[in-house]
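Engineer: A predicted structure for the sequence below; I have some questions about it.
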Amino acid sequence: MGKVVKPYSEQEDKKGQVSKMFNKIAPYYDFLNRLLSLGIDTVWRKKAINQLKDEQPKLILDVATGTADVALETSKQLSPDKIIGIDISREMLEIGKKKIKKRGLDTVIELQEGDSENLPFADNTFDAITVAFGVRNFENLEKGLAEMRRVLKEDGKLVVLEFSKPTVFPIKQMFNLYFKYILPTIGRLTSKDPRAYSYLYESVQAFPDGNDFVNILSKTGYKSNQCIPLTLGICSIYSGQK
């Protein structure tokens, strides 16, 4: 799977470090997402969720739910009976719970602390699964994808939204300049974590995007897999079925 990129230099496993990092930056996360993406991240999420419009899933799992942005937008767009969001960061979940309560969606969206690579659900439970900007943080990507497939119902759909690496000049050069230097500087000054946004760049560089990720979906048993590049290849929507 290539080099394992971690947020910090300690010997602790990646999963523990990712949890620690998101707990630290949780109070600044939503603000920085809007600021650093110029608001485009909200458009990306809407487009990803729209991939489930034809399926009209009633029970949805949102993996790496964070502060519940995807769960909230999914509820708005698709009106499912139930959305369960799972994440390893307790502080992110606490912020998400407040957002859900403020919108009066406590009975529709439920957040749980848990590990995407060891999902606490029975086989064939969910109609659909969403993951936004989470799979590159998995310690074992194939194990996480296999776990999500396990809890999907037959013909259930997985939709993944993730950063990718643009290849066209000059977008590639601008992307690298922004992600490697400008974004980490702003993130460091704002979130008070000197490593979090440097890790973002490093994890995007290490992630097997595009056709490489589509091939991994196939390897882990998904079918009808596809990749839809967004915003000149800065981000991509991946989908597959059980």
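Structural biologist: Received the coordinates, thanks.

Engineer: Could you use CA atoms for every contact and neighbour count after this?
Structural biologist: Noted.

Engineer: just checking, what packs against the lengthiest helix in the chain?
Structural biologist: When the chain is parsed with DSSP state H, its longest helix is helix 14-36. Contacts defined by 3 or more CA pairs under 8 Å, 6 or more residues apart in numbering; DSSP states H and E place helix 14-36 against helix 40-50, helix 90-102, helix 183-191.

Engineer: any idea of the angle the worst-scoring helix or strand of the chain on mean pLDDT forms with helix 14-36?
Structural biologist: Within the chain, no helix or strand scores below helix 183-191, which has a mean of 81 by mean pLDDT, DSSP states H and E. Per axes from the mean of the first three to the mean of the last three CA atoms, to 10 degrees, the angle that helix 183-191 makes with helix 14-36 is 90 degrees.

Engineer: Could you check how many residues crowd around F179?
Structural biologist: 18 (other CA atoms under 10 Å).

Engineer: so what's it up against?
Structural biologist: L200, Y201 (CA atoms under 8 Å, 6 or more residues apart in numbering).

Engineer: cool, and F163?
Structural biologist: Applying CA under 8 Å, 6+ apart, the residues contacting F163 are F133, V204, D209, I234, C235, S236.

Engineer: how does it look with 10 Å?
Structural biologist: F163 sits next to 132-136, 200-201, 203-205, 207, 209-210, 229-230, 233-237 when contact means CA atoms under 10 Å, 6 or more residues apart in numbering.

Engineer: Tell me how far the residue lying closest to D81 once chain neighbours are set aside lies from Q241.
Structural biologist: Computed as CA to CA, 6 or more residues apart in numbering, the closest residue to D81 that is not its neighbour in sequence is K58, at 5.0 Å. Using CA to CA, to the nearest Å, K58 is found at 16 Å from Q241.

Engineer: go on, G104?
Structural biologist: Separation of G104 from Q241 (CA to CA): 32 Å.

Engineer: Over to A48?
Structural biologist: Distance from A48 to Q241, counting by CA to CA: 15 Å.

Engineer: more crowded one of the two?
Structural biologist: A48 (24 against 21).

Engineer: residues contacting that one?
Structural biologist: Taking CA under 10 Å, 6+ apart, we find A48 in contact with 70, 74, 130-132, 159-162, 228, 236-239.

Engineer: strand partners of whichever strand in the chain runs longest, parallel vs antiparallel please.
Structural biologist: What stands out as the longest strand in the chain, according to DSSP state E, is strand 152-163. Its sheet considered, strand 152-163 pairs with strand 126-132 (parallel), strand 235-241 (antiparallel) by DSSP bridges.

Engineer: Next SSE downstream of it?
Structural biologist: Following strand 152-163 in sequence order, the next helix or strand is helix 171-177 (DSSP states H and E).

Engineer: Dump that next one to PDB, restricted to CA.
Structural biologist: In PDB, the C-alpha atoms belonging to helix 171-177 read as follows (Å, rounded to 0.1, in the frame of the first residue of the first chain):
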ATOM      1  CA  ILE A 171      -3.300  23.500 -11.800                       C
ATOM      2  CA  LYS A 172      -0.800  20.900 -10.500                       C
ATOM      3  CA  GLN A 173       1.800  23.500  -9.600                       C
ATOM      4  CA  MET A 174      -0.700  25.900  -8.000                       C
ATOM      5  CA  PHE A 175      -2.200  23.000  -6.000                       C
ATOM      6  CA  ASN A 176       1.100  21.900  -4.700                       C
ATOM      7  CA  LEU A 177       2.100  25.400  -3.800                       C
END
